[in-house]
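>>> Starting from these lines, generate the structure:
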Amino acid sequence: MLKNLKTLDWDKTTLETLGIQAEILPKIISNSKVIGEISKGWPIPSIPIASCLGDQHAAMVRQACRKGEAKSIYGTGAFILLNIGNEIVKSNYGLLSTL
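Got it, this is the predicted structure:
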């Protein structure tokens, strides 16, 4: 992962290791912040766009998965996501924590 889950910013060590310049990456913002609006020419222009969730996380939000609950997601891949709450948990089995 390129994002440091503790600082909520791009991870400098990872970027340096991979040779990625932080300047080319987008600004990390809250997924509840208004980031734009639908442009003119569309059937519903000027409606604010606020929220950017990937399909896996969006499925967990839609199903209202609470701490301790899991969701199995099938699409371009097959994933099982478990809501572990607000604390970052480091896996001893190669699993990935996300926010």
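>>> Distance check, the nearest residue to residue 5 once chain neighbours are set aside against residue 41.
Here the nearest residue to residue 5 in space, its sequence neighbours aside, is residue 88; by C-beta to C-beta, 6 or more residues apart in numbering that works out to 5.2 Å. In this view, the C-beta of every residue, glycine as well, is placed from N, C-alpha and C. Distance check for residue 88 against residue 41: by C-beta to C-beta, to the nearest Å, it reads 43 Å.
>>> Look at those two and report which has more neighbours.
With neighbours defined as other C-beta atoms under 10 Å, residue 88 and residue 41 compare such that residue 88 has more, 11 against 6.
>>> quick one: least confident helix or strand in the chain?
The helix or strand of the chain with the poorest confidence is helix 55-62; it has a mean of 82 (mean pLDDT, DSSP states H and E).
>>> residues of that one that come out buried?
Under the neighbour-count criterion of 16 or more other C-beta atoms under 10 Å, helix 55-62 has 57, 59-60 buried.
>>> Now tell me what touches that helix from outside.
Here helix 55-62 makes contact (C-beta atoms under 8 Å, 6 or more residues apart in numbering) with 53, 71, 73, 75, 79, 81, 83, 98.
>>> nearest residue to the first one other than its sequence neighbours?
If the residues on either side of it in the chain are set aside, residue 53 comes closest to residue 31, at 5.9 Å by C-beta to C-beta, 6+ apart.
>>> Going along the chain, name the strands of the protein.
Counting by DSSP state E, the chain has these strands, from start to end: 3-4, 9-10, 34-37, 48-50, 70-74, 78-82.
>>> Tabulate the ones you listed in CSV, adding columns for mean neighbour count and mean pLDDT.
As requested, those are exported to CSV (neighbours: other C-beta atoms under 10 Å; pLDDT from 0 to 100):
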stretch, mean neighbour count, mean pLDDT
strand 3-4, 15, 90
strand 9-10, 15, 94
strand 34-37, 11, 88
strand 48-50, 11, 88
strand 70-74, 12, 88
strand 78-82, 12, 88
